[in-house]
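**Q** Got a sequence here, can you build the structure:
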Amino acid sequence: MNPHGRCAARLALVAAMMMGAAEGPAAGARAKVPAAGFHLYLLIGQSNMAGRGKVAAEDRTTHPRLVTLSKARTWVPAADPIHFDKEVAGVGPGLTFGKVMAERDPSVRIGLIPCAVGGSSIAAWRPGARHSQTNTAPYDDAVARARRAMADGILKGILWHQGESDRSPQAAATYRQRLIELVRRLRTDLKAPAVPFVAGLLAEFPDAPRAGTATINDATRRAMLMLRHAACVSTAGLGHKGDKVHFSAAAARELGRRYARAMACLLQPAREVRLWPGVMPGARSDLPKETFVNERHRHVNTPTLTIFLPPADRATGTAAVVCPGGGYGHLATVKEGYKVARRLNAIGVAGIVLKYRLKDYGHPAPLQDAQRAIRTVRARAKTLGIDPGRIGIMGFSAGGHLASTAGTHFDAGRHDAEDPIERVSSRPDFMILVYPVVSLRDGVGHGGSRRNLLGPKPAAGLVELLSNELHVTARTPPTFLVHAKNDGVKVANSLLFHEALKKARVSAKLLLLETGGHGFGLGVNGGPPAAWPEQCERWLAELKLLKAGR
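**A** Below you'll find the model as predicted:
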């Protein structure tokens, strides 16, 4: 068949699906080519994913580009109830999710794969496990139905809402690890290793508090942070239908919209751009080859920006250049870069990960890269949908040293520069420093970071120049710091910087953790560090950086 014939056949197949055509023997005999424009979403979990809300006229209204896989495994126009786990199935989040995703991109068709089973615990979502209430095999059935659907389209995401059946202390204690295993198993069995996964938190109805809910939600949050291409959605403010268990129809629709926002965020492609398109300052050709192994960069020779933008309807106009740590010897690019950027996207902030030069170059190369990063984002702000006055810098460990250096050693740009990017200011508008190295002085600074940045015998004056607590002024940006008291990078780094900020009357918040050690990233392992991302979010909100416009 020529290319035009294949295209026509594919279009005919998709058209048949959109009309809800049943599969006959002839259709089953044809080889199917998954349609790139047919996006599939697997809906799994228990009753609040299946839906128990009362069906109204709006829930019976179909969308011309939205279908669902019926119990008989045929494509039919989507209308609630789309699930069929029990006779009480009603309005859930799936239909609204599908409609929102269809409206986001008029060029695609959306196919929902409903597989939630009311009353199922996470133990039922394993290969070979059966759910006695419904006499079904939730995991096996979901995989089989997804594979059937994937013959026609491309799996773009998985939605999960479950946990009500696992709130006992014994079940909740292992929930995080079992959820991680479920996601990894699904991705393996469906041969979709990077498919986005969005988990909904359990509702905490004010008039119906349930023991164990907070534990399950904490486990879900941490599981999603430990996984790549994963997120969770809040159920805050959503009401029940009167039974103190299931979401009302209105709440289920709103939850569907929240799922769509989170999924769109994960589907938003990141793009990498070279920081120095021309010849970068101090360029060398005699260095080891740059590598990316075990989610870490080493021997960086080509600095880049990896740009993660939030969906347009979530964007606040705020951006943060993210500097991963690694003692100036490597970069923890995924843990303290890409995952952080996605977390920023969830609150409407553009996360822009800086891959900067390291000990192979030493000072001033990392600072040049950080300053260039801020200038680049500011110069391209309009194109990126960013407010040029809301561009911050964020750093972890030695990345915190680089960020605090950029926040204390900046300039207004060279107005006569040939390169337009060099004409704009390198001053960040805010800083977020997470277990940062700030000082390089003896007794405070981190020896490894100093040695990698300045060499074994620093030139006179460099240690003081790059001990950033000594260079705070009234022009230093507002700063959020978080540090554990038992960190191997001495907490004095943050204490001294915070003291200097307050002395200069710069807005600052220091979150001191009793324990946590070093390198806790987004706090996915729980304990005191788990609270810092939300506290930082509140700080950003206080600065009015999480609202669109100024």
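**Q** How is this structure divided into domains?
**A** Per automatic domain parsing, the structural domains of the chain span 3-267, 291-542.
**Q** got the end-to-end distance for the last one?
**A** Read that as domain 291-542. 40 Å (Cα to Cα, to the nearest Å).
**Q** Which of the domains of the chain has the highest mean neighbour count?
**A** Using mean count of other Cβ atoms under 10 Å, the stretch among the domains of the chain with the greatest mean number of neighbours is domain 291-542 (a mean of 21). Heads up, the C-betas are built off the backbone N, CA and C, glycines and all.
**Q** Show residues contacting the helix or strand containing Ile374.
**A** Taking DSSP states H and E as the criterion, Ile374 maps to helix 365-379. Identification of contacts with helix 365-379 by Cβ atoms under 8 Å, 6 or more residues apart in numbering yields 275-276, 280-282, 303, 305, 319, 321, 323, 328, 352, 354, 356-358, 384, 386, 388, 391, 393, 402-403, 405-406, 409-411, 413, 420-428, 453.
**Q** Report the rounded mean pLDDT for it.
**A** For helix 365-379, the per-residue pLDDT values average out at 98.
**Q** Determine how far it lies from the middle of the whole chain.
**A** Shown here is helix 365-379, whose average C-alpha point lies 24 Å from the average C-alpha point of the whole chain (Cα atoms, centre = their mean, to the nearest Å).
**Q** do the same with stretch 303-310
**A** Between the centre of stretch 303-310 and the centre of its chain there are 13 Å (Cα atoms, centre = their mean).
**Q** And the strands in the stretch 351-500 of the chain?
**A** With DSSP state E, counting those that start in this stretch applied, the stretch 351-500 of the chain shows strands at 391-396, 431-434, 479-484, listed in chain order.
**Q** between these, which one is nearest to Pro209?
**A** If you check each of the strands of the stretch 351-500 of the chain against Pro209 by Cβ to Cβ, strand 479-484 wins as the nearest, at 30.0 Å.
**Q** and the angle for that closest one with strand 391-396?
**A** With axes from the mean of the first three to the mean of the last three Cα atoms, to 10 degrees as the criterion, the two stretches strand 479-484 and strand 391-396 enclose an angle of 10 degrees.
**Q** Could you export strand 479-484 as PDB, keeping only the C-alpha atoms?
**A** Taking only C-alpha atoms (Å, rounded to 0.1, in the frame of the first residue of the first chain), the coordinates of strand 479-484 have been written out as PDB:
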ATOM      1  CA  THR A 479      15.300  34.800  49.500                       C
ATOM      2  CA  PHE A 480      13.900  31.600  50.900                       C
ATOM      3  CA  LEU A 481      16.300  29.200  52.600                       C
ATOM      4  CA  VAL A 482      15.900  25.700  53.900                       C
ATOM      5  CA  HIS A 483      18.600  23.800  55.800                       C
ATOM      6  CA  ALA A 484      18.700  20.800  58.200                       C
END
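**Q** The closest residue to Val437 other than its chain neighbours: what's it in contact with?
**A** Taking Cβ to Cβ, 6 or more residues apart in numbering, and ignoring the residues beside it in sequence, Val437 has His401 as its nearest neighbour in space, at 4.0 Å. Contact criterion Cβ under 8 Å, 6+ apart gives Gly395, Pro436, Val437, Val438, Leu440, His446, Ser449, Leu453, Leu466, Asn468 as the residues in contact with His401.
**Q** among those residues, which two are most distant?
**A** Gly395 and Leu440 (14.8 Å).
**Q** who's in contact with Arg167?
**A** Leu202, Arg210, Ala211, Gly212, Thr213, Thr215, Ile216.
**Q** sorry, back to before: can you put the strands of the stretch 351-500 of the chain in TSV and add distance to Leu66 and mean pLDDT?
**A** Formatted as TSV, those follow (distance: least, Cβ to Cβ, whole Å; pLDDT from 0 to 100):
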stretch	distance to Leu66	mean pLDDT
strand 391-396	38	98
strand 431-434	40	98
strand 479-484	42	98
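**Q** and of those, who's closest to Glu499?
**A** Evaluated over the strands of the stretch 351-500 of the chain, closeness to Glu499 peaks at strand 479-484, with 11.0 Å, by Cβ to Cβ.
**Q** So what are the sheet partners of that closest one and their directions?
**A** Strand 479-484 sits in its sheet next to strand 431-434 (parallel), strand 508-513 (parallel), going by DSSP bridges.
**Q** Now do the same contact list for the nearest residue to His246 once chain neighbours are set aside.
**A** Nearest residue to His246, sequence neighbours excluded (Cβ to Cβ, 6+ apart): Arg52, at 3.8 Å. By Cβ under 8 Å, 6+ apart, Arg52 lies in contact with Val88, Ala89, Gly90, Val91, Gly92, Gly118, Lys241, Asp243, Val245, His246, Phe247.
**Q** chain center to the longest helix anywhere in the chain, what's the gap?
**A** Once the chain is assigned using DSSP state H, the helix that runs over the most residues is helix 249-267. How far helix 249-267 lies from its chain's middle: 15 Å, per Cα atoms, centre = their mean.
**Q** One more: stretch 153-173?
**A** Taking Cα atoms, centre = their mean, one finds the center of stretch 153-173 at 18 Å from the center of the full chain.
**Q** Between the two ends of it, what distance do you get?
**A** Using Cα to Cα, the end-to-end distance of stretch 153-173 comes to 37 Å.
**Q** Then stretch 515-532?
**A** Using Cα to Cα, one end of stretch 515-532 lies 13 Å from the other.
**Q** and Ser165, that one's in a strand?
**A** No - counting by DSSP: H, G, I helix; E, B strand; the rest coil, Ser165 is located in no strand; its state is helix.
**Q** if I pick it, what's in contact with it?
**A** Applying Cβ under 8 Å, 6+ apart, one finds that Ser165 lies in contact with Gln46, Gly119, Ser120, Ser121, Ile122, Ala171.
**Q** element containing the residue nearest to Ala251 when sequence neighbours are not counted, please.
**A** The shortest distance from Ala251 to any residue that is not its chain neighbour, by Cβ to Cβ, 6+ apart, is 3.8 Å, and that residue is Leu238. Secondary-structure assignment from DSSP H and E places Leu238 in no helical or strand segment.
**Q** hang on, the earlier thing: list just the nearest of the contacts of Ser165 to Leu513.
**A** Leu513 lies nearest to Ala171 out of these, by Cβ to Cβ, at 28.8 Å.
**Q** In space, what's closest to the closest one - neighbours in sequence excluded?
**A** Residue nearest to Ala171 in three dimensions, not counting chain neighbours: Ser121, with 6.9 Å by Cβ to Cβ, 6+ apart.
**Q** My read is that that neighbour contacts Gln170, right?
**A** No - taking contact to mean Cβ atoms under 8 Å, the distance of 11.4 Å between Ser121 and Gln170 leaves them out of contact.
**Q** so what's Arg271 bridging to?
**A** On the basis of DSSP bridges, Arg271 takes part in beta bridges with Ile307.
**Q** among the domains of the chain, which is nearest Ala548?
**A** Taking Cβ to Cβ, domain 291-542 is the member of those nearest to Ala548, at 5.4 Å.
**Q** Off-centre distance for that closest one?
**A** Its chain's C-alpha centre and that of domain 291-542 lie 19 Å apart, by Cα atoms, centre = their mean.
**Q** How much space separates Val340 from Ala370?
**A** From Val340 across to Ala370, the span is 16 Å (Cβ to Cβ, to the nearest Å).
**Q** actually Arg271, sorry about that
**A** Here the distance between Arg271 and Ala370 works out to 20 Å (Cβ to Cβ).
**Q** And the pLDDT at Arg10?
**A** Per-residue confidence at Arg10 stands at 37 (pLDDT).
**Q** got a list of what Leu202 touches?
**A** When contacts are counted by Cβ under 8 Å, 6+ apart, Leu202 is found next to Gly163, Glu164, Arg167, Arg210, Thr213, Ile216, Asn217, Thr220, Thr235.
**Q** Arg221 versus the second one, what's the distance?
**A** Meaning Glu164. Computed with Cβ to Cβ, the distance linking Glu164 and Arg221 is 17 Å.
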